[in-house]
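Peer 1: Pasting a predicted model and its sequence here:
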Amino acid sequence: MSNFYYPAYFKLMTKIKKLPIGPKPVFYGSTTLGARGQVVIPIKARRDFKLKDGEELLVSGVHRRFLMVMKLDELKGVVSELSGHMKVFQQMISKSKSKKS
């Protein structure tokens, strides 16, 4: 996500639900990739994001430079919330178009 979109994304996310961290990135430490491709998420990050053993995480990348990890349940919630907003926006667009006709 580029810096252009980050503030708007954060503002939307704080409206959807209270986030455990502020708008600025938090450095939790470093980790090492193991022989089987596993990494350990630092304990402070696991606590802040309430990660539990066996929880499903989504791993995505940006421009082959950044890896992002997100709780799958959180992503489902965001998508659901955004789809609700999309319906409202579509109604607003339809009303705007009908007024112009």
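Peer 2: The structure has been received and is ready for your questions. Numbers count the residues shown, from 1 in each chain.

Peer 1: Counting neighbours, which bits of the longest helix seen in the chain end up buried?
Peer 2: Across the chain, the longest stretch assigned as helix under DSSP state H is helix 72-100. Residues 74, 78 are the ones in helix 72-100 that count as buried (16 or more other Cβ atoms under 10 Å). Backbone N, C-alpha and C define where each C-beta goes, glycine included.

Peer 1: what's the offset of that helix from the middle of its chain?
Peer 2: Put simply, helix 72-100 sits 18 Å off its chain's centre (Cα atoms, centre = their mean, to the nearest Å).

Peer 1: try stretch 29-38
Peer 2: In terms of Cα atoms, centre = their mean, the gap separating the centre of stretch 29-38 from the centre of its chain is 22 Å.

Peer 1: Can you dump the C-alpha atoms of it in PDB for me?
Peer 2: The C-alpha atoms that make up stretch 29-38 are tabulated as PDB, following Å, rounded to 0.1, in the frame of the first residue of the first chain:
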ATOM      1  CA  GLY A  29      11.800  -6.900  16.200                       C
ATOM      2  CA  SER A  30      13.300  -9.200  13.600                       C
ATOM      3  CA  THR A  31      12.900 -12.900  12.900                       C
ATOM      4  CA  THR A  32      14.800 -15.600  10.900                       C
ATOM      5  CA  LEU A  33      13.400 -17.800   8.200                       C
ATOM      6  CA  GLY A  34      13.800 -21.400   9.200                       C
ATOM      7  CA  ALA A  35      14.800 -24.300   7.000                       C
ATOM      8  CA  ARG A  36      11.100 -25.300   6.600                       C
ATOM      9  CA  GLY A  37      10.100 -21.700   5.700                       C
ATOM     10  CA  GLN A  38       8.700 -20.900   9.100                       C
END
